[in-house]
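Enquirer: what's the 3D shape of this:
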Amino acid sequence: MRTIKNIKMHEMIGLKTKIIDSTDQNMIGLSGTIINETQHMIFINTPKGLKKIPKMHNIWEFYLTDTTTTTIIGNDINRRSMERVRG
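Expert: All right, here's what the predicted structure looks like:
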């Protein structure tokens, strides 16, 4: 079960997300559902279509439920999900 304490160790496919800060001002506010994740990228389905976004240089808000969110710095998750589990 994904929780605020262990979210960095889980695969994020299926979660809703929003970029709340970025070095690229055009990315701020972009939101959608994560449909894939690679070592350096998150693919989200947005109202404007599929977006491929680098994990690094972004601050992400992840929605664990409709009322539970957590904020993660992209540099902290810039690895494959299986590598994050190992620590």
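Enquirer: could you pull out the helices for this structure?
Expert: 81-86 (DSSP state H).
Enquirer: For it, give me the ranges with low pLDDT.
Expert: Within the chain, the ranges that satisfy pLDDT under 70 run 86-87.
Enquirer: In contact with the nearest residue to residue 85 once chain neighbours are set aside, which residues?
Expert: Leaving out its chain neighbours, the residue that sits closest to residue 85 by Cβ to Cβ, 6 or more residues apart in numbering is residue 9, at 5.0 Å. C-betas here are computed from N, CA, C, even on glycine. The contact partners of residue 9, by Cβ atoms under 8 Å, 6 or more residues apart in numbering, come to 81, 84-85.
Enquirer: Out of the residues you listed, flag the one nearest to residue 37.
Expert: Among these, residue 81 lies closest to residue 37 (Cβ to Cβ), at 6.3 Å.
Enquirer: Isn't the closest one up against residue 38?
Expert: No. The pair residue 81 / residue 38 is not scored as a contact, 9.5 Å apart, by Cβ atoms under 8 Å.
Enquirer: any chance you could map the strands in this structure?
Expert: 16-22, 31-37, 41-46, 49-54, 58-63, 69-73 (DSSP state E).
Enquirer: so the third one versus strand 58-63, what angle?
Expert: Spelled out, it's strand 41-46. Angle of strand 41-46 versus strand 58-63, following axes from the mean of the first three to the mean of the last three Cα atoms, to 10 degrees, is 50 degrees.
Enquirer: picking up where we left off before, tabulate the contacts of residue 9 in JSON lines, adding columns for distance to residue 60 and neighbour count.
Expert: Shown next, in JSON lines, are the contacts of residue 9 (distance: Cβ to Cβ, whole Å; neighbours: other Cβ atoms under 10 Å):
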{"residue": "81", "distance to residue 60": "14", "neighbour count": "16"}
{"residue": "84", "distance to residue 60": "14", "neighbour count": "17"}
{"residue": "85", "distance to residue 60": "18", "neighbour count": "13"}
